[in-house]
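# Need coordinates for the following:
(4 chains)
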Number of protein chains: 4
Amino acid sequence: MYEKITGLIDAPFTPMHPDGSLNLSIIPDYAHMLHRNGLKGVFINGSSGEGYLLTDAERMVLAETWKKAIDDLPDFKLIVHVGSTSVMSAAQLASHASELGAWGIGTMAPPFPRIGRLEELVKYCEEISAAAPALPFYYYHIPAFNGADFSMYDFLVAAEKRIPNLAGIKFTHESLYEYNRCRRFGGGRFDMLHGQDETILASLALGGAQGCICGTTNYNALCLNDIQRAWQEGDLARARAQQEFAQDVIDVICRHRGNIVAGKHIMKYLGLDMGPNRTPFQTISPEEDILMKAELDAIDFFAHCNR
Amino acid sequence: MYEKITGLIDAPFTPMHPDGSLNLSIIPDYAHMLHRNGLKGVFINGSSGEGYLLTDAERMVLAETWKKAIDDLPDFKLIVHVGSTSVMSAAQLASHASELGAWGIGTMAPPFPRIGRLEELVKYCEEISAAAPALPFYYYHIPAFNGADFSMYDFLVAAEKRIPNLAGIKFTHESLYEYNRCRRFGGGRFDMLHGQDETILASLALGGAQGCICGTTNYNALCLNDIQRAWQEGDLARARAQQEFAQDVIDVICRHRGNIVAGKHIMKYLGLDMGPNRTPFQTISPEEDILMKAELDAIDFFAHCNR
Amino acid sequence: MYEKITGLIDAPFTPMHPDGSLNLSIIPDYAHMLHRNGLKGVFINGSSGEGYLLTDAERMVLAETWKKAIDDLPDFKLIVHVGSTSVMSAAQLASHASELGAWGIGTMAPPFPRIGRLEELVKYCEEISAAAPALPFYYYHIPAFNGADFSMYDFLVAAEKRIPNLAGIKFTHESLYEYNRCRRFGGGRFDMLHGQDETILASLALGGAQGCICGTTNYNALCLNDIQRAWQEGDLARARAQQEFAQDVIDVICRHRGNIVAGKHIMKYLGLDMGPNRTPFQTISPEEDILMKAELDAIDFFAHCNR
Amino acid sequence: MYEKITGLIDAPFTPMHPDGSLNLSIIPDYAHMLHRNGLKGVFINGSSGEGYLLTDAERMVLAETWKKAIDDLPDFKLIVHVGSTSVMSAAQLASHASELGAWGIGTMAPPFPRIGRLEELVKYCEEISAAAPALPFYYYHIPAFNGADFSMYDFLVAAEKRIPNLAGIKFTHESLYEYNRCRRFGGGRFDMLHGQDETILASLALGGAQGCICGTTNYNALCLNDIQRAWQEGDLARARAQQEFAQDVIDVICRHRGNIVAGKHIMKYLGLDMGPNRTPFQTISPEEDILMKAELDAIDFFAHCNR
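Okay, the predicted model is just below:
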């Protein structure tokens, strides 16, 4: 059994130059900003990071750059998402992450071919995790993105014997019922990382969300951290107020094509220009920028965001 | 603004004779058992009640029978689900419910034709609610059953002006984020009835689940009631233990085709034989009965169930 | 084995008064118009007829009215769609159809509860068909409307022994592969009624579409009939031209919410005012009327439509 | 406007060694076998070729190997599928295909992120096609695999001005109605390659399927070629018999996880061992092998297959 993560891990965006190439130079500042705002690590090259839209070479150079950028940050984890439609690419990325000294790895199910049977998913994870046997391996459950809508409880039953380095699941799905069943599985031996920023408080009540991987912590970490802190202090009113503010922020980004697009754009307001999104995502337009800024102003976001 | 429901409303099964006809004689005992176990009312002819599988005539006689059965029960509400693929049938059922003295009515979206635009749904609710203008009207959100996967927030925006007797929503969907947005809408003026027994505690943390409509309270009301009570008393450990027990029970019924089939069968173990399910549902077989009873035994269900 | 239908059966709209009540008086003229334009019968109370949106009482009076209206029309069949979410209502409608002397009956799968296992569907059809044992029974396959996306080949395998009066399938689905497998099943013993007006010619090439149930024949029967006739005469160029015109007409109705809404409205242009659609469908607005008429004009529809 | 393809293009499997690495040595024999059986080219690295499961390096070496293997085959086209979740990888593969002298390229929509708006899809294709501006570009429509369920007619409207080298669409979807609308678009200026082996005859009747990209031609090309030939000769009975045989073969592979898995395995029976599938696909087991061989025997497949 691995150490269980506590606190919030950030899923960073991938900074790009206006021409779409990687903007690596910004990453050290980015890493320090995240650490300064109370985050406990990064889960890179995932969905927020447009990982699937990068080439394998880009993914590796990003991993190397992040590793260097966080080396002087105490208690700050690097987890690398290595999933790919090519299990062979994924295994190479896993091996690379291991060699460069990442803390852990993770993978979502391939969106293509659509997983038809649970056994296919377990085999896929087995091959990838075996390429980095010394690292904790997290399965990243996000069925809305890849249609892999399996019971995670059944996944744990099938995988626990076959994936020796299975640490847990990043659970990005609305069913707190299933989340809780997995949390309780085998006496609680797996690390269930909560992955929906809008319901952290709800999960805390059930006993979960001790560790989270978050997308909106890139700009709203103070609020999200305070949900956990207020809950631990028994201050339910404050926890609710913070969770409601987090929902208000999420309302805004949902009106503008979600965190990958709207969230990436918000970083510019914080002084960290992440550049454009990669096709097929479409970068926030100047018109949307004006609208979104006004909506964030209306909820007084700029008084509470990361700094 | 209507009175907000507090506590748990039960969604009863529809008792049938072995030949499939209604078994009305059992209803008075059934009603008293529910009241005795702490429930605050019934939401009849809904999904648990196989309402869509009944003829209009059957639905009316059921409403009348339930009305009589609860007349001597203090503070016990009768809410009638009147939804139908025929808006005209639904309006007739609404009018009938009003005349017989029901406390309120509700309707889910018609599963056919599949609602394509929110406006269609609002119009549908408008026509039905207008047939019982003196009663609180609840929209029953259950997209997994009818594909009407609209934002309920948007529904409230569109419906609040057009449905004068709109009291709230029975929210049977996993998104506690959207549930909470609706709960906060307009300063909290709508009654958001929580409709997933497996996450009552999670919702309580957010400020919701003050009122619930439940399917498993037919046999597990003591547990579900105690989630609310323990939470109010600040006993989080007990609330969690009860919610976990509720999930264990739900695990069992999910393995046997859900509450409508497995739950209806469980009632026999409590001494209230509800008879078969109506086609296309398929009644629990003798083999399944043995299996299911053993699974319930294994979680010590019979020591905790309704009595 | 029953007589196989040849030629085109029309799926009529249900005429309504402006207030939404049935306009029965128009039905004799409607029936004669359909017969005059070469149709071989009607399949009433189906999807085009808004059957699921009618009360059971309305469905029965419609069946009676159609029966009387066609009594003097030679070789003109009355098939009654009796499907309902209540298998008991459906069986009553089947029995009623039999008693009044309909030629056959049919039912689609209930949209609610969503059929989960093929056995549930077979059982549902078994109970309904048994209520009219002397009539040919057609299963109406339209998965886009009810999510009952089962292999119809597997359905025939499962149903052939259990439904003695199973005549065939109205196949309203794009897969001509599966259609053809069913057509060849058991040496071709089942009547496979083609149910997509846009691909009659494609199906004829495979050996199918000898009999069809059509929605656009209400206004475009001359064209659709001529696809079959041209094919039989070996005039492929004419068959293609007619099929392409049929597709042009379908293009127009698809731009205006399909046959149930746009098609019903088109009847007014032919002198048979069908009145409004029933909620949740929304009747063509005056603005859409102008647009649609212009689009029909642009393809010279009014020179070719029914008269 | 580009030359329109006539006849059948094969979508080859990717040969692998038992350890999962590429088995390039078999490709020259494979290419000659395909040519000998009347095929007009290959569409490599597509779904049959497990293209998305290969690394970029593997895809490039495959393209190079196929190019060399077909250099002496007259009138035999090489089309390279270059699609990737990374538009940058896809553009690199397109550029590589162009440099090595491929005849054309194609791409399906990325399965991740799921395309939400048609504009995203057009932009994605625009960037890729621009990397090989001298080659005909085909969009590969296969919504069952990637959820990109857009109207292809609307795609042509949006893309025709923006993708100068747009040659047409490989249409792998059941709707012959939409296929035909696209075939007729702009006076028939786009090459609509039919992509469902089970309905070639149906499409021929509508005027389509002059050119096809096929998956089952790897082993059943003689039959599929003869559908086109018999149709051209006016021998409808033979065309039907061949189409029915093609369907019988497809019935078998559908019972064993489709062409990618079952079809790849069938090649061994023809003397061309393609090796295993790549994870998450699961290679046919010895038990399935026995079953499948018997099913193929029962339809006398081995007397008709490629040789």
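# Tell me, how many residues neighbour the residue in the stretch 1-150 of chain A that chain B sits nearest to?
Using Cβ to the nearest Cβ, residue A:144 is the residue of the stretch 1-150 of chain A that sits closest to chain B, at 11.2 Å. Where you see a C-beta, it was placed from the backbone N, CA and C, and this is true even at glycine. Residue A:144 has 12 neighbours, counted by other Cβ atoms under 10 Å in any protein chain shown.
# Spit out the contact partners of it.
For residue A:144, the contacting residues are A:172, A:173, by Cβ atoms under 8 Å, 6 or more residues apart in numbering or on different chains.
# Report pLDDT for it.
You'll see residue A:144 listed with a pLDDT of 92.
# quick one: it is in a strand?
No. With DSSP: H, G, I helix; E, B strand; the rest coil as the criterion, residue A:144 is helix rather than part of a strand.
# do you know how far it is from chain C?
19 Å (Cβ to the nearest Cβ, to the nearest Å).
# likewise residue A:69?
On the measure of Cβ to the nearest Cβ, residue A:69 and chain C end up 49 Å apart.
# so how many other residues sit close to that residue?
Neighbour number of residue A:69 under other Cβ under 10 Å is 22.
# And it, which helix or strand is it part of?
helix A:56-70 (DSSP states H and E).
# Can you spell out which helices and strands pack onto that helix?
Helices and strands touching helix A:56-70, by 3 or more Cβ pairs under 8 Å, 6 or more residues apart in numbering or on different chains; DSSP states H and E, are helix A:27-36, strand A:41-44, strand A:77-81, helix A:87-100.
# how long is stretch A:108-115 end to end?
11 Å (Cα to Cα, to the nearest Å).
# Quickly check: that stretch near chain C or not.
No. On the criterion Cβ under 8 Å from any Cβ of the partner chain, stretch A:108-115 is out of touch with chain C, staying 15.7 Å away.
# Return the distance of that stretch from the chain's centre.
18 Å (Cα atoms, centre = their mean, to the nearest Å).
# residues in contact with it?
For stretch A:108-115, the surrounding residues in contact (Cβ under 8 Å, 6+ apart) are A:46-47, A:52, A:81, A:83-85, A:87, A:121, A:124, A:139-142, A:145-148, A:150, D:47, D:52-53, D:85, D:111-112, D:114, D:145-146, D:260, D:280-281.
# What mean pLDDT does it get?
Here the average pLDDT along stretch A:108-115 is 95.
# and if you look at stretch A:246-262?
So the average pLDDT for stretch A:246-262 ends up being 98.
# for that stretch, the distance to its chain's centre please.
15 Å.
# Near residue A:53, how many other residues are there?
25.
# pLDDT score for it?
98.
# Repeat that for the one 5 residues further on.
Reading off the per-residue confidence, residue A:58 sits at a pLDDT of 98.
# quick one, what contacts it?
A:22, D:88.
# rewinding a little: export the helices and strands packed on helix A:56-70 to CSV and tack on distance to chain B?
Listed next are these as CSV, based on distance: least, Cβ to the nearest Cβ, whole Å:
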stretch, distance to chain B
helix A:27-36, 24
strand A:41-44, 21
strand A:77-81, 24
helix A:87-100, 29
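# Specify the angle between the helix holding residue A:69 and helix A:87-100 in degrees.
Note on geometry: by axes from the mean of the first three to the mean of the last three Cα atoms, to 10 degrees, helix A:56-70 and helix A:87-100 are set 20 degrees apart in direction.
# Measure how far helix A:56-70 is from the centre of its chain, please.
16 Å.
# picking that back up, can you tell me which of the contacts of stretch A:108-115 end up in helices?
The members of these that map onto helices under DSSP state H are A:87, A:121, A:124, A:145, A:146, D:145, D:146.
# Can you give me the distance of the fifth one to residue A:47?
Look at residue A:146 and residue A:47: by Cβ to Cβ, to the nearest Å, they are 10 Å apart.
# thinking residue A:156 is in contact with residue A:183, fair?
No. Using Cβ atoms under 8 Å, residue A:156 makes no contact with residue A:183, being 10.3 Å away.
# overlap in contacts of those two?
Shared contacts of residue A:156 and residue A:183, counting by Cβ under 8 Å, 6+ apart, come down to residue A:190.
# how close does the closest residue to residue A:207 other than its chain neighbours get to residue B:223?
Excluding its sequence neighbours, the residue lying closest to residue A:207 (Cβ to Cβ, 6 or more residues apart in numbering or on different chains) is residue B:240, at 5.9 Å. Residue B:240 sits 12 Å away from residue B:223, going by Cβ to Cβ.
# can you check residue A:15 too?
From residue A:15 to residue B:223 the distance is 51 Å (Cβ to Cβ).
# and if you look at residue A:148?
33 Å.
# Enumerate every residue touching residue A:37.
A:217, A:221, A:222, A:225, A:306, A:307.
# Put the buried members of those into a ChimeraX selection.
Selecting only the buried entries of the contacts of residue A:37 in ChimeraX, with 16 or more other Cβ atoms under 10 Å in any protein chain shown as the criterion:
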select /A:217,221,222,225,306
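# Out of the contacts of residue A:37, the closest to chain D would be?
residue A:217 (20.9 Å).
# got a pLDDT number for the closest residue to that closest one other than its chain neighbours?
The shortest distance from residue A:217 to any non-neighbouring residue, by Cβ to Cβ, 6+ apart, is to residue A:10 (4.6 Å). On pLDDT, residue A:10 comes in at 98.
# and what of the one 3 residues further on?
In the prediction, the pLDDT value recorded for residue A:13 is 98.
# which ones are touching it?
So residue A:13 contacts A:48, A:49, A:50, A:218, A:260, A:263, A:264, A:267, A:274 (Cβ under 8 Å, 6+ apart).
# Secondary structure element holding it?
Going by DSSP H and E, residue A:13 is not part of any helix or strand.
# next one: phi and psi at the closest residue to chain D within the stretch 151-300 of chain A?
Closest approach between the stretch 151-300 of chain A and chain D, counting by Cβ to the nearest Cβ: residue A:280, at 3.8 Å. According to degrees, to the nearest 10, the main-chain angles of residue A:280 amount to phi -80, psi 0.
# ok, residue B:240 and residue B:223, which is more surrounded?
Neighbour totals were compared for residue B:240 and residue B:223, and residue B:223 leads with 23 against 18 (other Cβ under 10 Å).
# I'd guessed that one sits against residue B:239; true?
No. Using Cβ under 8 Å, residue B:223 makes no contact with residue B:239, being 10.7 Å away.
# Stretch A:167-174 vs chain D: in contact?
No. Using Cβ under 8 Å from any Cβ, stretch A:167-174 stays clear of chain D, with a minimum separation of 13.9 Å.
# how about the residues of chain A near chain D?
Near chain D, when you scan chain A using Cβ under 8 Å from any Cβ, you find A:20, A:47, A:52-56, A:58, A:84-89, A:92, A:110-117, A:119-121, A:123-124, A:127, A:145-147, A:257, A:260, A:278-282.
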